[in-house]
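Visitor: Provided below are the primary sequence and the corresponding predicted coordinates.
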Amino acid sequence: MTIHTTTPPSAHVASDPLGLHWTQDSTPRTGRVVVGVDGSDSSVLALARGLRIANALNTNLEIVTSWGYPDEFGSVPTAQNWSPQQDAIDILNDAVHGIFPGTRPEWVSVHPRQGHAADVLIDAGKGAEMLIVGSRGHGGIIGLLLGSVSAQCAERASCPVLVMH
């Protein structure tokens with residue numbers, strides 16, 4: 001794999017806010033880096049950093065988001081065609097198309113999974129080289145009561161966790 005600071009005409013280009021361009025070579029990739037994406041600015045930075053780390057380690061890149069029905073709100077009426085799963089898929093697609101304007105490489109996979117964000121990411125991180133998440137934090141009393149996904153991942157994941165600010 002070759003990392004370029006300028007884009008040769010034949011290179012695959014990643015629209016990485018950190019400035020990475022990459023080309024695919026024939027070296028097989030082993031292992032994986034997992035990135036949690038929720039559409040926030042910090043999760044887009046986490047994805048960009050995940051791309052860099054996956055390239056540096058020559059691993060696969062697994063992009064994960066979680067979805068669920070808002071049961072904590074009781075029986076709040078929702079739009080008839082609303083789907084939290086489709087929302088998660090849209091978030092993943094937007095993030096992937098933002099980083100990979102063309103066809104995404106075969107070593108990049110996307111996974112919308114049902115469940116609480118921290119649990120989904122901790123599960124996805126099992127056996128990974130690294131789990132990368134963004135930090136949005138509620139702060140104050142709400143943050144203390146709810147806890148943050150990034151804090152739960154850092155505390156409970158079985159692999160190294162990088163939190164992007």
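Guide: Okay, I see it.
Visitor: CA only for contacts and neighbour counts going forward, please
Guide: Noted.
Visitor: How about residue 124: what's its closest non-neighbour residue?
Guide: Excluding the flanking residues, the one nearest residue 124 by Cα to Cα, 6 or more residues apart in numbering is residue 34, at 7.0 Å.
Visitor: Next, the contact list for the one you found, please.
Guide: 50, 61, 62, 63, 64, 124, 125, 128, 129, 130, 131, 132 (Cα atoms under 8 Å, 6 or more residues apart in numbering).
Visitor: same thing with residue 37?
Guide: 43, 44, 46, 47, 63, 64, 65, 91, 92, 95, 133, 134.
Visitor: Please report the distance of it from residue 54.
Guide: Counting by Cα to Cα, to the nearest Å, the separation of residue 37 from residue 54 is 16 Å.
Visitor: now swap in residue 129 and tell me
Guide: Applying Cα to Cα, one obtains 9 Å for the distance of residue 129 from residue 54.
Visitor: Can you pull out the low-pLDDT segments for the chain?
Guide: 1-25, 70-80, 137-147 (pLDDT under 70).
Visitor: partner strands of whatever helix or strand residue 33 lives in, parallel or antiparallel?
Guide: Residue 33 belongs to strand 32-36 when assigned by DSSP states H and E. Strand pairing for strand 32-36, determined by DSSP bridges: strand 60-67 (parallel), strand 130-134 (parallel).
Visitor: mind saving the C-alpha coords of it as PDB?
Guide: Only the C-alpha atoms of strand 32-36 are listed here, as PDB (Å, rounded to 0.1, in the frame of the first residue of the first chain):
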ATOM      1  CA  ARG A  32     -10.000  -5.200  11.600                       C
ATOM      2  CA  VAL A  33     -10.400  -1.700  13.000                       C
ATOM      3  CA  VAL A  34     -14.000  -0.900  14.100                       C
ATOM      4  CA  VAL A  35     -15.400   2.600  13.900                       C
ATOM      5  CA  GLY A  36     -18.700   3.700  15.500                       C
END
